[in-house]
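**Student:** next comes the sequence, and after it the predicted model I'd like to discuss.
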Amino acid sequence: MTAVRRGGLVVAAVLTLLLLAGCGSSLATRPSSSRVVTPTTTAQASTPFCEAVEASRAATQPFSGVGIGRSVSDVGRLAADVRRTNQQVTALAPQELRQDFDRVDQLVERQLSLLEANGGDTLAVARDPGIASTRADPQYQQASQRINDYVRSTCT
């Protein structure tokens, strides 16, 4: 997979804040992940945290399916919605995972800022070497996995 193609996948995947483990794909569920999580079949009560996760998913939905080199329309409003919902999720996250959520939020913010500065052009995100470097960082990957595991166990 080319760096440009990977970058495009990152826009949608990271903007979901890796919180959609129970609802869709995330970086932590890619094939290289060594952890296997079995989905639960028991319905769990909705909590403010899980409701915030769902709101975050809804806010990032317009970014899904946007191809490399295409522009995200109304990027300012969409970015504001993602920021607002991500702040809610982070505020409601358990204290022991706050640093993990903050780490992921930093990468999301970097991508949103690039999109805004470049008129919604997804290629700007794909070309940023710092984004790929951050995603490859073992500490970032571990944080993503802990978030993914928590969301799966709590909100599915």
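**Tutor:** Everything's here; your move.

**Student:** what about residue 83, distance to residue 125?
**Tutor:** 16 Å (C-beta to C-beta, to the nearest Å). Glycine gets a C-beta too; all of them are placed from N, C-alpha and C.

**Student:** who's more crowded, those two?
**Tutor:** Higher neighbour count among residue 83 and residue 125: residue 125, with 23 against 15, using other C-beta atoms under 10 Å.

**Student:** can you tell me how far the more buried one is from residue 55?
**Tutor:** 23 Å.

**Student:** next one: residue 139
**Tutor:** From residue 139 to residue 55 the distance is 27 Å (C-beta to C-beta).

**Student:** higher neighbour count, the two?
**Tutor:** Comparing residue 139 with residue 55 by other C-beta under 10 Å, the one with more neighbours is residue 55, at 16 against 11.

**Student:** okay, buried residues for the helix or strand where that one lies please.
**Tutor:** Element membership of residue 55, judged by DSSP states H and E, is helix 48-60. By neighbour count on 16 or more other C-beta atoms under 10 Å, the buried set for helix 48-60 is 49-50, 52-57, 59-60.

**Student:** hang on, residue 119 in a strand?
**Tutor:** No: counting by DSSP: H, G, I helix; E, B strand; the rest coil, one finds residue 119 to be coil, located in no strand.

**Student:** measure how buried it is and give me the count.
**Tutor:** Residue 119, neighbours per other C-beta under 10 Å, totals 12.

**Student:** okay but it is in contact with residue 75, surely?
**Tutor:** Yes: the pair residue 119 and residue 75 passes the contact test of C-beta atoms under 8 Å, sitting 7.1 Å apart.

**Student:** show me what the helix holding residue 55 is packed up against.
**Tutor:** Contact here means 3 or more C-beta pairs under 8 Å, 6 or more residues apart in numbering; DSSP states H and E; on that basis helix 48-60 packs against helix 75-92, helix 138-155.

**Student:** ok, which of these comes nearest residue 106?
**Tutor:** Nearest of the helices and strands packed on helix 48-60 to residue 106, taken as C-beta to C-beta: helix 138-155 at 9.3 Å.

**Student:** buried stuff in the closest one?
**Tutor:** Quick answer for helix 138-155 (16+ other C-beta under 10 Å): 140-141, 143-148, 150-152, 154-155.

**Student:** swap in stretch 56-74?
**Tutor:** Going by neighbour count (16+ other C-beta under 10 Å), the buried part of stretch 56-74 is 56-57, 59-60, 62-63, 66, 68, 72.

**Student:** that concludes my questions; thank you for your assistance.
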